[in-house]
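>>> Sequence first, then the predicted structure:
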Amino acid sequence: MSARQLIEPRAFGRPGGGARFAVAIVGVALAAAFPGMARALEVSQGAPTKALGATIEGAVVASSTAASEAPDPGDPIERLYGHKRLSFDGDSPALTVRLMEGKREISIVSHGVARVEARDVTGGAWRSVDIPADSSWTFRLRASRPAVQLYLLAVDEFALGDRARLIAAQKMWADRGLMVEVRRIGSRYGIAGRVIDTRRDLLLLGPARPRTAAEDFARAVQAEHGVRARAHPVLVSRPSGAIELLDASGEVRLVGDTAISLVPRDADATTLVRQVEFGVGYAFHGHEDRAFRGELIAAVDASGALALVNRLDMEAYLRGIVPAEIYASAHPEALKAQAVTARGEVLAKIGARHLGDPYLLCAEQHCQVYSGVKGEAASTDKAIADTRGELLFSADGQLVNSTYSAVCGGHTENNEVVWNGLADPSLRGRPDLPPGELKRADEPRRSLADTATLRAFLDAAPLAYCATASFASPGKYRWEKRFTREEVNARLSDLGIGAIRSLELSERGASGRASLLTVRGETGTREIHGELAIRRRFANLNSTLAVIEAPSDEAPEWIFRGAGWGHGVGMCQVGAIGRAEAGQSYRDILRHYFNGALPERLYGDPNLARQAPREAP
């Protein structure tokens, strides 16, 4: 079935307002199926974004703020869902981080005196319970209603000033008979006189539909138009329910409407959370007890189950992140570089991740690994304190999305190759070799997108910073992974093309990382788009900076030969350690990996302008 056939009626894209007619039809259908959505649909049917100021023929430009996103001061979980605007504790940004979700009960031990409070389920009045130190408690879900979420398809992304390209893309998709929307993600706020603006426009295909239908639509769009599409959530109505607080004897001490908050009296006190899940989707997946600083909020999650969210300030959050992302015993300059990049990556994600969830970030690799107090170390605490409030800015004053990965393999990658978004001038792939090695090695000076050059680069294995650092792992710098014919056939059986005859990696970027895998089988050919999608197909392949050798009489297995561990965009973490050990400062390290960008301190310095952080106009 084609992408167009998945949309009814066929009036979409028809000159003279066919798309608007279709939106109205879909709006009536969805409003009937999902009560409470009508107001949100009114916005998407008629209001353009301020950036564009107009709709174009055959397409609809949706408002960047639907009714379901508007602040409601009376909502007991507004602090969780009102996260399109960054909030602050003093001069430091305040964050909400999901520790777990999908639970019926969550057990904790409060190490300090604390107050638990919630809005009463019957009358809306606030109730509270003071709890003593070293006491055990349980949050239990009594009853709930899940969120209603629908999904649009994100097919492209544009900078705010790129109006001409955005309008051209809208028209192209509308001419194909598809319904088009634009929604703005990211945020804009001011700190110490500087405006931080991470907003961008997503081009979306509609109508909004349930997740499974949206995934079917994404496959149809990809097959027909060769474009990678991802589901973009539209929150129609928030979840709700009743949550109980039980003491150690099992007595119910409080019942809250949708959320219960625990706030320690001492800002540095910790709370132990039992059986926190970690490493989801990885070989090291497990559960363990972990302690956390700051406020804990038990809330009804999107599925109608129970989630636990940690609300704390940025610098406290970094204490649990930095040692989980880099070796705490690494060189101090590398630790400082990690602290700055972690801080900037958090702010770049505000308003762009987990848009339908009651939190800003998760504690997994999807956002940044956060293990709470367990991972804290004196060395990383010092690096965080030494760089307090420092963020990375490009030469033109833009906040850098300071992403990173473990081992680049000798060459970093362009961001758009991995994530299919806007090309970021600060995230350009480049060789990561010492000057003498760069002069000696020929391959990095040529295009590694060429497979023959890439093979030579893999074979030469020049002594990159991530190969010579004290924490370097030879098996991650250069690696080989083998699969039997039967294993490959099984991993790709859902493609429906029989036994696999050939595998070809292509659409390579600056480092040679591939974003397309062409699979040829007995009965047809299929394509797998996206760096991460390819890696997941083959047991979390270390990277797509690789070449594939087909089975032969001499070697009866599929052989993947590659370099690096991770996506390779931004800072190479082990490479940063190697550079620090070679005498580079954290500023030198960041300047290299982020194309000349340098850190600036925006908060935490008494010499800075004493201006309260605020949402920018």
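That came through fine. Numbers count the residues shown, from 1 in each chain.

>>> just for the stretch 501-617 of the chain, where's the confidence low?
Scanning the stretch 501-617 of the chain for pLDDT under 70 picks out 606-617.

>>> give me that answer again for 50
Residue ranges of the stretch 501-617 of the chain with pLDDT under 50: 608-617.

>>> Just the helices from it, written as ranges.
For the stretch 501-617 of the chain, applying DSSP state H, counting those that start in this stretch gives helices covering 531-537, 573-581, 586-593.

>>> got those as JSON lines, with distance to S473 columns?
Where C-beta positions appear, they are placed from N, C-alpha and C, glycine not excepted. JSON lines is the format used below for the helices of the stretch 501-617 of the chain (distance: least, C-beta to C-beta, whole Å):
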{"stretch": "helix 531-537", "distance to S473": "18"}
{"stretch": "helix 573-581", "distance to S473": "8"}
{"stretch": "helix 586-593", "distance to S473": "20"}
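
>>> Quick check: which of the ones you listed is nearest to P434?
helix 573-581 (8.4 Å; C-beta to C-beta).

>>> Who are the packing partners of the closest one?
helix 332-349, helix 465-468, helix 586-593 (3 or more C-beta pairs under 8 Å, 6 or more residues apart in numbering; DSSP states H and E).

>>> start to end distance for stretch 202-216?
20 Å (C-alpha to C-alpha, to the nearest Å).

>>> list the buried ones in it?
Within stretch 202-216, the residues scored as buried using 16 or more other C-beta atoms under 10 Å are 202-209, 214-215.

>>> related to what we said a few turns ago, the helices and strands packed on helix 573-581 into a markdown table, with extra columns for mean neighbour count and distance to K476?
Converted to a markdown table, those look like this (neighbours: other C-beta atoms under 10 Å; distance: least, C-beta to C-beta, whole Å):
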| stretch | mean neighbour count | distance to K476 |
| --- | --- | --- |
| helix 332-349 | 25 | 17 |
| helix 465-468 | 24 | 8 |
| helix 586-593 | 22 | 18 |
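
>>> Out of those, flag the one nearest R601.
Evaluated with C-beta to C-beta, the helices and strands packed on helix 573-581 place helix 332-349 nearest to R601, the distance being 10.0 Å.

>>> which other helices and strands contact that closest one?
Counting contacts by 3+ C-beta pairs under 8 Å, 6+ apart, helix 332-349 is packed against strand 92-103, helix 314-325, helix 378-386, strand 390-393, strand 404-405, strand 571-572, helix 573-581, helix 586-593.

>>> Give me the sheet partners of the helix or strand that that helix is followed by and which way each runs.
Note on helix 332-349: by DSSP states H and E, the next helix or strand toward the C-terminus is strand 361-362. Note on strand 361-362: by DSSP bridges, its sheet partners are strand 92-103 (parallel).

>>> For this structure, which helix or strand comes out least confident on mean pLDDT?
Scoring the helices and strands of the chain by mean pLDDT, DSSP states H and E places helix 38-46 at the bottom, with a mean of 30.

>>> Show me the domain layout of the protein.
As given by automatic domain parsing, the domain ranges for the chain are 4-70+148-237, 78-146+240-386.

>>> Let me know which of the ones you listed is the nearest to A423.
Shortest distance between A423 and those, using C-beta to C-beta, is found for domain 4-70+148-237: 9.9 Å.

>>> Grab the nearest non-local neighbour of T451.
Nearest in space to T451, with sequence neighbours left out and distances taken as C-beta to C-beta, 6 or more residues apart in numbering, is V547 at 6.5 Å.

>>> now do F560
Spatially, and ignoring its direct neighbours in sequence, F560 is nearest to K481 (4.5 Å; C-beta to C-beta, 6+ apart).

>>> one step back: quick check: the residue nearest to T451 vs L495, distance?
21 Å (C-beta to C-beta, to the nearest Å).

>>> still on that earlier bit, would you mind giving the helices and strands packed on helix 573-581 as CSV with distance to A499 added?
Shown next, in CSV, are the helices and strands packed on helix 573-581 (distance: least, C-beta to C-beta, whole Å):
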stretch, distance to A499
helix 332-349, 42
helix 465-468, 38
helix 586-593, 43
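
>>> List the residues that contact the closest residue to G344 other than its chain neighbours.
With C-beta to C-beta, 6+ apart as the criterion, G344 has its nearest non-adjacent residue at 3.7 Å, and that residue is S402. By C-beta atoms under 8 Å, 6 or more residues apart in numbering, the residues touching S402 are 340-345, 348, 392, 570-571, 590, 594, 597.

>>> pLDDT value on S402, please?
pLDDT for S402: 94.

>>> Is it part of a helix or strand, or is it coil?
Secondary structure, DSSP: H, G, I helix; E, B strand; the rest coil: S402 is coil.

>>> give the contact list for the residue nearest to D357 when sequence neighbours are not counted.
Closest residue to D357 apart from its sequence neighbours, by C-beta to C-beta, 6+ apart: A302 at 5.9 Å. Residues near A302 by C-beta under 8 Å, 6+ apart: 146-147, 149, 239, 356-358.

>>> For A302, which three-state class applies?
Of the three states, A302 takes coil under three-state DSSP.

>>> phi, psi of it?
phi -60, psi -30 (degrees, to the nearest 10).

>>> mind checking how far it is from V280?
Per C-beta to C-beta, A302 is found 16 Å from V280.

>>> With A267 instead?
On the measure of C-beta to C-beta, A267 and V280 end up 30 Å apart.

>>> same deal with R142?
Distance, R142 to V280, by C-beta to C-beta: 27 Å.

>>> With G344 instead?
Counting by C-beta to C-beta - G344 and V280 are separated by 25 Å.

>>> before we move on, the earlier item: check for me that the residue nearest to F560 belongs to a strand.
Yes. The assignment for K481, made by three-state DSSP, places it in a strand.

>>> Tell me where the stretch 101-250 of the chain has strands.
Ranges of strands within the stretch 101-250 of the chain are 105-110, 114-120, 126-131, 135-145, 148-158, 179-185, 188-191, 194-197, 200-209, 230-237, 240-246, based on DSSP state E, counting those that start in this stretch.

>>> Please verify my assumption that G498 contacts T523.
Yes. Taking contacts as C-beta atoms under 8 Å, G498 lies within contact range of T523: 4.6 Å.

>>> Looking at these two, which has the bigger crowd around it?
Higher neighbour count among G498 and T523: G498, with 13 against 10, using other C-beta atoms under 10 Å.

>>> and the closest residue to that one other than its chain neighbours, what is it in contact with?
Using C-beta to C-beta, 6+ apart and skipping residues adjacent in sequence, the residue nearest G498 is E522, 3.2 Å away. Going by C-beta under 8 Å, 6+ apart, E522 touches 497-499, 501.

>>> From L505, how far off is E522?
Counting by C-beta to C-beta, the gap from E522 to L505 is 21 Å.

>>> same check, this time on L262
49 Å.

>>> Run through who's touching stretch 524-539.
222, 226, 228, 417-418, 420, 481, 483, 491-492, 495-498, 505, 513-519, 541-544, 560, 567.

>>> hmm, which of those are the buried ones?
The neighbour-count test (16+ other C-beta under 10 Å) marks 222, 228, 417-418, 420, 483, 492, 495, 497, 505, 513-517, 519, 541-544, 560, 567 as buried among the contacts of stretch 524-539.

>>> Which of these fall within strands?
Using DSSP state E, the subset of these located in strands is 483, 505, 514-517, 519, 560.

>>> Could you identify the most distant pair in these?
F483 and S515 (20.6 Å).

>>> Throw the contacts of A302 into a markdown table and include distance to L448, neighbour count and pLDDT, thanks.
Converted to a markdown table, the contacts of A302 look like this (distance: C-beta to C-beta, whole Å; neighbours: other C-beta atoms under 10 Å; pLDDT from 0 to 100):
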| residue | distance to L448 | neighbour count | pLDDT |
| --- | --- | --- | --- |
| P146 | 47 | 16 | 95 |
| A147 | 44 | 21 | 93 |
| Q149 | 41 | 23 | 93 |
| P239 | 47 | 25 | 92 |
| G356 | 38 | 19 | 81 |
| D357 | 38 | 25 | 87 |
| P358 | 43 | 25 | 87 |
